[in-house]
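Visitor: 3D model of this:
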Amino acid sequence: VESPTPQTDITYDVQNPTPSITSVANSATVSQIAAASGTVADVINAAYSQAASGRGQVDRVEIAIKAVDPAGGAILVPRYWDGTSFPEGGESENWLNTNLYSGDSPPDMEYAASSWTYPITLHQLPTAANGGLVNGRKFTIYLRAYDETGNAYTMFTVGEASITFTADIGAPSAGVTTPMNNAKLISLNPISGTANDPLPAAGVSVSGISLASMSLTYLQGSTSYYWTGSVWQTVVADTETWIIAGATPPPTTPAFTDTYTTSAVWSRSGAAWISDKNYTLRVRARDKAIPINNTGAISQISFTIDTSTPVSVIGTPASSPVSALTQITGTANADSAGLQKVEITVTRSGDGWFWTGSSWSVNGATLPVQISGTTGDVTWTTNSLVTANLSAGTTYTIKAYATDLVTPDANSQLPPGPATYKK
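Guide: Numbering: from 1, shown residues only. A predicted model of the protein is given here:
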């Protein structure tokens, strides 16, 4: 009986598997490393199994994460991640295992692609919480892969198996240029400000400003109103009060009026101001870091729009005639902006001369008085004219003029023109 000829089937495989990173883009600026993942491909051979991890062909994918800080940082000589930290003395390459999965390539494809992820059990990715992710720190992720026959991929092709990116976890800031905090104004156009995303260190790039947002509100009684960009509406939720102050187009508008490497300038016009209201303006900025933009803290100012002329009343003397005069008094109200000053004029009948504070003159001038405050019904007094300055049987006319705190052009009861005038 003829014995069967011994037979062994072998697969000749000299093709290296090819890993790639898909979760982080090369040269990206990131606020967090949400995941490290990608694919690994190998030429389909007899060992192919669609359901097996690595498709039955790839044995493992390994990852190394290198970090180096800018000048002045903690890591000036590159260190490698050990699964929980960048340890001192960790300057040598430290290759870590990944999770390897199967895939779903059609069987007629030349290459079988499967996927990998990191971290594995008991490992972490660098985060701000564990001290691995530091503002301005530069990272490089390297991949290498081995198939079941021992072929290894160690080329570290940039953009595929080698990805370098920078951490940007510093939140940008926003501020208001116009108006100033606590300003008292007749009108305002435009509202303007800046947004800044400072460099973490010299020569280290940041993601840059994406947009600045603003919330403009006022309170009337117990009801809040916000500016939509075109009209005032009642507030239902705080989130709806925020509108774009400036952005980096396209497609978001309105665009920043000026954009620089680490800052931008924004401006908004068109608010229909309602007089005698105190307005609250809040601003914040957001950068372009991925996968989640860093959003800065809210900066807030308050200002008043007041177009109303203040009022003043003379209290003393209260009636005519008078037999003695020790002081002239009254009240004034300049809300909402507040009272800046009260001035009076005193004219004498017959010749129409003015009291200057020390004598009667043909040249008239307003006289300052003392005020007791700036808000509400403010009392004012002066003793610049007393009985000794009066003549019996003569009629005198006292007029009071209140001026508020609005700048640069205050609301005032004074007539237009210089404060000093001639009858």
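Visitor: list the contacts for G132?
Guide: Listed by CB atoms under 8 Å, 6 or more residues apart in numbering, the contact set of G132 reads 67, 81, 85-86, 124-126. Quick note: C-beta positions are derived from backbone N, CA and C, even for glycine.
Visitor: Same question for stretch 318-326: list its buried residues.
Guide: L325 (16 or more other CB atoms under 10 Å).
Visitor: List the contacts of that stretch.
Guide: Residues from elsewhere that reach stretch 318-326 (CB under 8 Å, 6+ apart): 317, 383, 385-387, 390, 395.
Visitor: just the strands in the stretch 251-400 of the chain please.
Guide: Ranges of strands within the stretch 251-400 of the chain are 258-259, 263-268, 277-287, 299-305, 311-316, 328-333, 339-348, 354-355, 360-361, 363-365, 367-368, 370-371, 378-382, 396-404, based on DSSP state E, counting those that start in this stretch.
Visitor: in the last one, what counts as buried?
Guide: In other words, strand 396-404. If you call a residue buried by 16+ other CB under 10 Å, then strand 396-404 has these buried ones: 396, 398, 400-404.
Visitor: so which of these comes closest to G296?
Guide: D404 (35.2 Å; CB to CB).
Visitor: so what pLDDT did that closest one get?
Guide: At D404, the pLDDT value in this model is 96.
Visitor: what's near enough to touch the residue lying closest to it once chain neighbours are set aside?
Guide: Spatial nearest neighbour of D404, excluding adjacent residues (CB to CB, 6 or more residues apart in numbering): A334 at 3.7 Å. When contacts are counted by CB under 8 Å, 6+ apart, A334 is found next to 310-311, 340, 374, 378, 402-405, 411.
Visitor: Using CSV, lay out those residues together with distance to V346.
Guide: Putting these into CSV (distance: CB to CB, whole Å) gives the following:
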residue, distance to V346
P310, 20
V311, 20
Q340, 21
T374, 25
V378, 20
A402, 16
T403, 18
D404, 23
L405, 25
N411, 24
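Visitor: Got a ChimeraX select line for the buried ones in those residues?
Guide: Only the buried entries of these go into this ChimeraX selection, using 16+ other CB under 10 Å:
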select :310,340,374,378,402,403,404,405,411
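Visitor: Which one of the contacts of A334 is nearest to M214?
Guide: Using CB to CB, L405 comes nearest to M214 of the contacts of A334, at 24.9 Å.
Visitor: Can you give me every residue that contacts S115?
Guide: Taking CB under 8 Å, 6+ apart, we find S115 in contact with 37-40, 100-101, 103.
Visitor: A strand includes it, no?
Guide: Yes. Under DSSP: H, G, I helix; E, B strand; the rest coil, S115 sits within a strand.
Visitor: per-residue pLDDT, it?
Guide: pLDDT, S115: 88.
Visitor: cool, P107 as well?
Guide: Here the pLDDT value assigned to P107 is 53.
Visitor: Ok, T8 next?
Guide: 53.
Visitor: now the strands for the stretch 101-250 of the chain?
Guide: Taking DSSP E, counting those that start in this stretch as the criterion, the stretch 101-250 of the chain carries its strands at 111-118, 138-147, 152-153, 162-167, 173-178, 183-185, 191-196, 209-220, 223-227, 232-234, 242-247.
Visitor: Would you mind listing the buried residues in the fifth one?
Guide: Of the residues in strand 173-178, those scored as buried under the neighbour-count criterion (16+ other CB under 10 Å) are 173-174, 176.
Visitor: CA atoms only: put stretch 348-355 into CSV for me.
Guide: In CSV, the C-alpha atoms belonging to stretch 348-355 read as follows (Å, rounded to 0.1, in the frame of the first residue of the first chain):
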residue,chain,number,x,y,z
ARG,A,348,-32.1,142.0,40.7
SER,A,349,-35.2,143.7,39.2
GLY,A,350,-34.8,147.2,37.9
ASP,A,351,-31.3,147.0,36.5
GLY,A,352,-31.2,143.2,35.9
TRP,A,353,-27.8,142.8,37.5
PHE,A,354,-26.5,139.5,38.7
TRP,A,355,-25.2,138.4,42.1
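Visitor: Need the mean per-residue confidence for it.
Guide: Averaged across stretch 348-355, the pLDDT comes to 92.
Visitor: from the middle of its chain, how far away would it be?
Guide: From the chain centre to the centre of stretch 348-355 is a distance of 61 Å (CA atoms, centre = their mean, to the nearest Å).
Visitor: Now do it: everything it contacts.
Guide: Here stretch 348-355 has contacts from 345-347, 360-365, 367, 384-385, 389, 391, 394-397, 423, using CB under 8 Å, 6+ apart.
Visitor: wait, what's in contact with V313?
Guide: By CB under 8 Å, 6+ apart, the contact list for V313 reads 330-332, 400.
Visitor: By neighbour count, which of the residues you listed wins?
Guide: The most crowded member of those, judged by other CB atoms under 10 Å, is A332 (28 neighbours).
Visitor: of the contacts of stretch 348-355, buried ones?
Guide: Neighbour counting by 16+ other CB under 10 Å classes 345-347, 364-365, 367, 384-385, 389, 396 among these as buried.
Visitor: May I see these organised as CSV, with distance to A212 added?
Guide: Output for these, formatted as CSV (distance: CB to CB, whole Å):
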residue, distance to A212
T345, 50
V346, 54
T347, 56
G364, 52
A365, 49
L367, 49
S384, 53
L385, 56
N389, 61
Y396, 59
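Visitor: Run a quick neighbour tally on N181.
Guide: 11.
Visitor: How about the contacts made by the nearest residue to I314 once chain neighbours are set aside?
Guide: Spatially, and ignoring its direct neighbours in sequence, I314 is nearest to G330 (4.4 Å; CB to CB, 6+ apart). G330 makes contact with 312-316, 342, 379-380, 400, according to CB under 8 Å, 6+ apart.
Visitor: between the residues you listed, which is closest to S31?
Guide: Looking across those and measuring by CB to CB, the closest to S31 is V342, at 56.5 Å.
Visitor: quick one: the closest one and A171, what's the gap?
Guide: Noted for V342: a distance of 48 Å to A171, by CB to CB, to the nearest Å.
Visitor: In terms of packing, which of those two has more residues around it?
Guide: Ranked by neighbour count (other CB under 10 Å), V342 and A171 place V342 first, with 27 against 18.
Visitor: so what's the residue nearest to that one when sequence neighbours are not counted up against?
Guide: Distance criterion CB to CB, 6+ apart; nearest residue to V342, sequence neighbours excluded, is W380 at 4.5 Å. For W380, the contacting residues are 312, 329-332, 342, 369-372, 400, by CB under 8 Å, 6+ apart.
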